[in-house]
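Peer 1: Kindly return the folded structure for what I paste below:
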Amino acid sequence: MIGGYLHQDMDLYADTVREAILNYCGDIAESERVQVEAEMDEFLARYHNRAEDEFARRWGRDFTPVEIGLSVAAFFAMVKDLLSGADLSAARD
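Peer 2: As a prediction, this is how the structure comes out:
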């Protein structure tokens, strides 16, 4: 999701991070949604004390949640809401 949708050229097809994530949501199967949610949970469980540093180490060249004023945990919560279909209309406004 991050490398494919939240990269440095994101502004070419999405105006906001929420819009980029919604684009991703529209392009994946339900099984992939479940897998992404599990991976986010695993990431937080494994790196809970240093989630921001580990996230930046892995994906900082493309995107970090701090760029939009969120912690990693808050960003993952937003992604989960969008993946589950919650707040889809508000996210597209």
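
Peer 1: Name the residue most distant from the centre of the chain?
Peer 2: The centre of the chain is farthest from one residue, Asn49, which by CA atoms, centre = their mean lies 19.2 Å away.

Peer 1: mind checking how far that one is from Val72?
Peer 2: Here Asn49 is placed at a distance of 11 Å from Val72 (CB to CB, to the nearest Å). All C-beta atoms are positioned from the backbone trio N, CA, C, and that covers glycine.

Peer 1: Same check on Asp11?
Peer 2: Counting by CB to CB - Asp11 and Val72 are separated by 22 Å.

Peer 1: which of the two has more neighbours?
Peer 2: The neighbour comparison of Asp11 against Val72 (other CB atoms under 10 Å) goes to Val72, with 22 against 10.

Peer 1: Backbone dihedrals for the residue farthest from the centre of the chain, please?
Peer 2: phi -80, psi -20 (degrees, to the nearest 10).

Peer 1: how close does Arg57 get to Tyr24?
Peer 2: 22 Å.

Peer 1: Also Ala14?
Peer 2: Taking CB to CB, one finds Ala14 at 9 Å from Tyr24.

Peer 1: what do you get for Asp11?
Peer 2: From Asp11 across to Tyr24, the span is 15 Å (CB to CB).

Peer 1: Now do the contacts for Leu44.
Peer 2: By CB atoms under 8 Å, 6 or more residues apart in numbering, the residues touching Leu44 are 51, 72-73, 76.
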